[in-house]
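>>> sequence and predicted structure below; questions after.
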Amino acid sequence: MKHAIMLAVCAVVFCLVSAPAAAHEITFKGTVVSVENGKTLKVTVTVVDEKTKKPKPMIFEIDDETKISRGTVSVKMADAHIAKGESISVTIDHDNSETLANIVKLPARK
């Protein structure tokens, strides 16, 4: 009986812990093609399509809630200074939006 209760408790805990991990986060890595300033930044990035293995442009939106890091340092959207031609990694939550970035990683400035 104790084993059955313990197994049920473990199953419930596992489900609660794994629910956030079930989010469909996708990370795209590429090169910045252009940046449009505004309330939300619109960044066009050239990424390699998984199916065709060819580069294609994708547009991502960056807002105030997006976590941005340059190297190992967290920065605000206004201080990120995303430039054309630099490497970028953009993580989105496919369940919420296909263009709104949750996490943006940029290389450290030299």
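All right, it came through fine.
>>> neighbours of I92, just the number please.
Residues lying near I92 (other C-beta atoms under 10 Å) number 22. C-beta: built from backbone N, CA, C; applies to glycine.
>>> in the sheet, who's paired with it?
Counting by DSSP bridges, I92 is bridged to I26, A101.
>>> roughly how far apart are it and V47?
12 Å (C-beta to C-beta, to the nearest Å).
>>> give me the common contacts of those two.
Jointly contacting I92 and V47 under the rule C-beta atoms under 8 Å, 6 or more residues apart in numbering are F28.
>>> OK, contacts around I68?
I62, S74, V75, K76, M77, A80, I103, V104, K105, L106.
>>> tell me where this structure has helices.
2-18, 77-80 (DSSP state H).
>>> which of those has the lowest mean pLDDT?
Among these, helix 2-18 carries the lowest mean pLDDT, a mean of 63.
>>> in the protein, which spans are strands?
If DSSP state E is used as the criterion, the strands of the chain fall at 25-36, 41-48, 55-62, 67-70, 73-75, 87-93, 101-106.
>>> quick one: strands adjacent to the fourth one?
As defined by DSSP bridges, the strand partners of strand 67-70 come to strand 73-75 (antiparallel), strand 101-106 (parallel).
>>> so what's the gap between the longest one and the chain middle?
The chain centroid and the centroid of strand 101-106 are separated by 5 Å, computed with C-alpha atoms, centre = their mean, to the nearest Å.
>>> same deal with stretch 67-80?
13 Å.
>>> between the two ends of it, what distance do you get?
Using C-alpha to C-alpha, to the nearest Å, the end-to-end distance of stretch 67-80 comes to 11 Å.
>>> just stretch 88-107 next, same as before
End-to-end distance (C-alpha to C-alpha), stretch 88-107: 7 Å.
>>> sorry, back to before: could I get the contacts of I68 in JSON lines, plus columns for distance to V32 and neighbour count?
Shown next, in JSON lines, are the contacts of I68 (distance: C-beta to C-beta, whole Å; neighbours: other C-beta atoms under 10 Å):
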{"residue": "I62", "distance to V32": "11", "neighbour count": "22"}
{"residue": "S74", "distance to V32": "19", "neighbour count": "10"}
{"residue": "V75", "distance to V32": "15", "neighbour count": "15"}
{"residue": "K76", "distance to V32": "18", "neighbour count": "9"}
{"residue": "M77", "distance to V32": "15", "neighbour count": "17"}
{"residue": "A80", "distance to V32": "11", "neighbour count": "18"}
{"residue": "I103", "distance to V32": "16", "neighbour count": "15"}
{"residue": "V104", "distance to V32": "10", "neighbour count": "23"}
{"residue": "K105", "distance to V32": "12", "neighbour count": "17"}
{"residue": "L106", "distance to V32": "9", "neighbour count": "21"}
